[in-house]
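Trainee: Sequence first, predicted model second:
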Amino acid sequence: MKSVLALTILALATNVGAQTPAASPASAASPNVASGTVGAKPAARDSHVEARISELHSELKITPDQETQWAKVADSMRDNARTMHDLFEARHSGMASETAVENLKSWGDIAQAHADGNKALLAAFQPLYDGMPDVQKKIADQVFRRPETHRPAHKPSKKK
């Protein structure tokens, strides 16, 4: 179950780039949610998401028999990327004229979409993971235990 949650976090973290609630308003919305640059063409975002899907496919050693279930996972990742990209684009475009309440609402919308995306990805990944042989599950568990897997755009926090 932890690895399923890790996959969920990974996919959405990958899709939202280096977003953090502590980011300044000017830098809060990344240009291309998937790659971390606002205003980038959808093809660049899609290319980043497709590269991540391909990377996970390889790391997880998805077999031909698992392709149908994997396709559901990949589609969920694509949908999540589009949703988060659209929300961050909307946030970025309205930021200059937003009230404080509108700003908080946009973060709430993003958080809700993130939670909804987690649930959708979990629903797609759980059957795939449950059907994996134990050796493959161990690989998946290892892939999603790596800290960089969860938040690839973030640097580790510095403890003082």
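Mentor: Perfect, thanks for sending it.
Trainee: For the longest helix along the chain, which helices and strands make contact with it?
Mentor: Assignment by DSSP state H gives helix 100-131 as the longest helix of the chain. Applying 3 or more C-beta pairs under 8 Å, 6 or more residues apart in numbering; DSSP states H and E, we find helix 100-131 packed against helix 2-16, helix 67-94. Placement of C-beta: from N, CA and C, glycine included.
Trainee: Among these, show the one with the smallest mean pLDDT.
Mentor: Note on these: helix 2-16 shows the lowest mean pLDDT, a mean of 43.
Trainee: Next secondary structure element downstream of that one?
Mentor: helix 42-59 (DSSP states H and E).
Trainee: Tell me how confident the model is about that following helix, as a mean pLDDT.
Mentor: 88.
Trainee: Now it: buried residues?
Mentor: By 16 or more other C-beta atoms under 10 Å, the buried positions in helix 42-59 come out as Arg45, Asp46, His48, Val49, Arg52, Ile53, Leu56.
Trainee: Ok, stretch 90-102 next?
Mentor: Across stretch 90-102, burial judged by 16+ other C-beta under 10 Å covers Arg91, His92.
Trainee: what does the model give Ala96 for pLDDT?
Mentor: At Ala96, the pLDDT value in this model is 86.
Trainee: for the buried residues of helix 42-59, which one is nearest Ala100?
Mentor: Closest approach between the buried residues of helix 42-59 and Ala100, by C-beta to C-beta: Arg45, at 29.1 Å.
Trainee: Double-check that closest one against Ala81; I have them as touching.
Mentor: Yes: using C-beta atoms under 8 Å, Arg45 is in contact with Ala81, at 6.4 Å.
Trainee: Can you tell me how far Met84 is from Ala113?
Mentor: To Ala113, Met84 is 6 Å away according to C-beta to C-beta, to the nearest Å.
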